[in-house]
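Undergrad: quick one, fold the following:
(one chain, ligands or ions: 1)
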Amino acid sequence: MVCLGNICRSPIADGLLRHKVCHRELAWDVDSAGTANYHTGTPPDARMIETARNNGVDIGALRARQFSKEDFKIFDRIYVMDRSNYSAVLKLASSQEEEAKVHYLLDHLYPGKEAEVPDPYYGTSKDFNDVFTLVDKATDALINDLTYEP
Ligand code: 4NP
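TA: Have a look, this model is predicted:
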C-alpha cells in the first residue's frame, strides 16, 4: 500500500488489510510505504491512529518508510492511493512485469476509473473517517476479488 507520506492513507490501508488477512487466515504479506521520505521512521499521523482505534484497528506500531525499487522484487501487487503516487512508483519499475504490478487501490471498487483516495492530511476528522470508510470498502473488495473461486 503506497501513498505520499506513509502516515495517513497507506497505514490505514495496510492496517485494515492486515486485519482482514489475519481474520481470513490468508498467507499474504502486507506492508506499506510512501513515495516521499519526509516522515521516515515516524508512526502514523495521530488522527489516523485515533480513527483506526475507534474502529477496532491498531496501526500504532507501523513506522513510515520510503518505497524503493526493491519493493518490486518482494511484492506481487503494489497498490497506490492516487495518480501522483502512481507515476512516482511507475518511474521506479525496471520492467514491464514490474509496471504491471502497480494498481490503484480503488480499482477494486471503481474498475478502470483511476479513482483516488483523497489525502486527509490537511483535512478534518471527517476527512479521516471518510478515508477509513472508503479504504474499508476497497480492502473488502480487494479480498473478494483476489480470493474469488468460481
Ligand atoms: P499520506 O498523507 O500521503 O496519506 O501519508 C500525507 C502525509 C504527509 C504529507 C502529505 C500527505 N506531507 O506533506 O507531509
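Undergrad: neighbours of Leu134, how many?
TA: Other residues lying near Leu134 total 21 when counted by other CB atoms under 10 Å. C-beta here means a position set from N, CA and C on the backbone, and glycine is covered the same way.
Undergrad: so the closest residue in space to it that isn't next to it in sequence, which of the three states?
TA: Nearest in space to Leu134, with sequence neighbours left out and distances taken as CB to CB, 6 or more residues apart in numbering, is Val117 at 6.0 Å. With DSSP: H, G, I helix; E, B strand; the rest coil as the basis, Val117 sits in coil.
Undergrad: Val117: neighbour count?
TA: Neighbour tally, Val117, other CB under 10 Å: 25.
Undergrad: same question, the one 4 residues further on
TA: Here the number of neighbours of Tyr121 (other CB under 10 Å) works out to 16.
Undergrad: and if you look at Tyr148?
TA: The number of residues packed near Tyr148 is 7, by other CB under 10 Å.
Undergrad: go on, Ala138?
TA: Per other CB under 10 Å, the neighbour tally for Ala138 reads 24.
Undergrad: surely it and Tyr104 touch.
TA: No: contact criterion CB atoms under 8 Å: Ala138 and Tyr104 do not qualify, at 9.3 Å.
Undergrad: how near is Tyr148 to Asn6?
TA: 29 Å (CB to CB, to the nearest Å).
Undergrad: and this structure, which residues reach the ligand?
TA: Within reach of the ligand by CB under 6 Å from any ligand atom, the chain has these residues: 3-9, 34, 38, 119, 121.
Undergrad: just the buried residues of those residues.
TA: Neighbour counting over the residues of the chain next to the ligand (16 or more other CB atoms under 10 Å) leaves 3-9, 34, 119, 121 as the buried ones.
Undergrad: just the ones in helices from the residues you listed, please.
TA: Under the assignment DSSP state H, those contribute Arg9 to helices.
Undergrad: please produce JSON lines containing the buried ones among the residues of the chain next to the ligand, extended by distance to Asn54 and pLDDT.
TA: Formatted as JSON lines, these follow (distance: CB to CB, whole Å; pLDDT from 0 to 100):
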{"residue": "Cys3", "distance to Asn54": "20", "pLDDT": "98"}
{"residue": "Leu4", "distance to Asn54": "24", "pLDDT": "98"}
{"residue": "Gly5", "distance to Asn54": "21", "pLDDT": "98"}
{"residue": "Asn6", "distance to Asn54": "21", "pLDDT": "98"}
{"residue": "Ile7", "distance to Asn54": "18", "pLDDT": "98"}
{"residue": "Cys8", "distance to Asn54": "15", "pLDDT": "98"}
{"residue": "Arg9", "distance to Asn54": "17", "pLDDT": "98"}
{"residue": "Gly34", "distance to Asn54": "23", "pLDDT": "98"}
{"residue": "Asp119", "distance to Asn54": "20", "pLDDT": "98"}
{"residue": "Tyr121", "distance to Asn54": "19", "pLDDT": "97"}
